[in-house]
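**Q** pasting the structure only:
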């Protein structure tokens with residue numbers, strides 16, 4: 001997946017705001033809560049996930065997924081755009097969005 005395709009995907013979700021984050025990252029937020037970051041130079045995405053989901057993804061495909069940082073009940077997973085399945089990435093981005101979106105907004109958005 002190319003960065004442009006990722007941007008189209010993430011910006012299609014309700015109430016997503018794009019803004020510069022730290023270092024080389026572009027952050028994406030829903031109602032001021034971050035759920036993913038894009039590093040265009042390295043062609044990777046960082047996604048919010050549960051700790052269980054992070055572990056499962058890394059076990060399933062360590063060439064595509066790697067651990068990032070963790071905080072509380074959430075963990076972040078680094079995803080290589082070059083090797084990720086686009087449909088799986090769409091699901092993961094939507095789930096990351098749901099983890100940060102207010103309940104009513106998340107419930108109103110059913111795919």
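**A** Okay, I see it. All figures in this text were calculated on a predicted structure; none of them were measured in a lab. Numbering: from 1, shown residues only.

**Q** what's the following helix or strand after the longest helix anywhere in the chain?
**A** The residue-count maximum for a helix in the chain (DSSP state H) belongs to helix 86-100. Following helix 86-100 in sequence order, the next helix or strand is helix 103-108 (DSSP states H and E).

**Q** tell me the contacts of residue 55?
**A** Neighbouring residues of residue 55 by CB atoms under 8 Å, 6 or more residues apart in numbering: residue 75. Using the backbone N, CA and C atoms, a C-beta is placed for each residue, glycine as well.

**Q** Following the helix or strand that contains it in sequence, what is the next regular element?
**A** Following DSSP H and E, the helix or strand that holds residue 55 is helix 51-60. Helices and strands here follow DSSP H and E; after helix 51-60, the next one along the chain is strand 65-71.

**Q** just checking, what packs against that next one?
**A** Strand 65-71 makes packing contacts with helix 51-60, strand 74-80 when contacts are defined by 3 or more CB pairs under 8 Å, 6 or more residues apart in numbering; DSSP states H and E.

**Q** Identify, out of these, the most deeply packed stretch.
**A** Stretch with highest mean neighbour count among the helices and strands packed on strand 65-71: strand 74-80 (a mean of 21; mean count of other CB atoms under 10 Å).

**Q** For that one, give me every contacting residue.
**A** 43-51, 53-55, 57-58, 63-70, 89, 92, 99.

**Q** any weak-confidence spans in the chain?
**A** Applying pLDDT under 70 to the chain flags the ranges 110-111.

**Q** The residue nearest the centre of it: what secondary structure?
**A** By CA atoms, centre = their mean, the chain has its centre lying nearest to residue 47, at 2.9 Å. Assigned by DSSP: H, G, I helix; E, B strand; the rest coil, the conformation of residue 47 is strand.

**Q** show me what contacts the closest residue to it other than its chain neighbours?
**A** Nearest non-adjacent residue to residue 47, counting by CB to CB, 6 or more residues apart in numbering: residue 96, 4.5 Å away. For residue 96, the contacting residues are 35, 36, 47, 48, 49, by CB under 8 Å, 6+ apart.

**Q** of all those, which comes closest to residue 107?
**A** residue 35 (16.4 Å; CB to CB).
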